[in-house]
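Colleague: sharing a model that was predicted from the sequence below.
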Amino acid sequence: MQSLTTLAIAVDGSPTALHAVRQGIALVQNGLQAHIVLIHVQEAASLLELATQDADAIAEAATQAGEHLMAPAAALLQEAGLPFSMEVVLGEPATVLLDMAHSLQASLLIVGTRGMGVVGRALMGSVSQAILNRADLPVLVVKPPV
């Protein structure tokens, strides 16, 4: 009997993230015995926000926003008839995604990339690149469809 593995998939509401979810679905539909966990990372509130507003209200709003952004990915999994769970967490995306993958004991972390190229990554940074630089588990980076 094969044991069930966990696929952690980063979801940020972008079309590329949905493509990453489709890749996860394809792996399971092609025989991988896995449970999919969608993970959305919201940036933590600034010190000014925390000093001037209710921290619990900020956290609740961030969670609701994350769930809203994950809804299209959840719809793809529901349509495919696959079991899944969702996590919304606060923090720096690359660090939190790796931490969550470890805490879930994920066998694979799937992330999308916008394919910005060297200049775009240098100016804006790249979550997928940061994950690849620090990961000690397998990572599948899904490029946007051509």
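Modeller: Here it is on my side, so go on.

Colleague: against which helices or strands is the longest helix along the chain packed?
Modeller: When the chain is parsed with DSSP state H, its longest helix is helix 55-80. On a contact count with 3 or more Cβ pairs under 8 Å, 6 or more residues apart in numbering; DSSP states H and E, helix 55-80 meets helix 15-29, strand 34-42, strand 84-90. C-beta here means a position set from N, CA and C on the backbone, and glycine is covered the same way.

Colleague: who does the shortest one pair up with?
Modeller: Right, the one you point to is strand 84-90. Under the criterion DSSP bridges, strand 84-90 sits next to strand 34-42 (parallel) in its sheet.

Colleague: output the lowest mean pLDDT helix or strand found in this structure.
Modeller: helix 117-124 (a mean of 45; mean pLDDT, DSSP states H and E).

Colleague: sorry, back to before: how far off centre is the longest helix of the chain?
Modeller: 11 Å (Cα atoms, centre = their mean, to the nearest Å).

Colleague: that one vs strand 34-42, what angle?
Modeller: Put simply, helix 55-80 runs at 150 degrees to strand 34-42, going by axes from the mean of the first three to the mean of the last three Cα atoms, to 10 degrees.

Colleague: and the helices and strands packed on helix 55-80: which comes nearest residue 112?
Modeller: helix 15-29 (3.5 Å; Cβ to Cβ).

Colleague: returning to what we had before: can you give me the buried ones in the longest helix of the chain?
Modeller: Neighbour counts over helix 55-80 (16 or more other Cβ atoms under 10 Å) mark 58, 59, 62, 66, 69, 70, 73, 74, 76, 77, 80 as buried.
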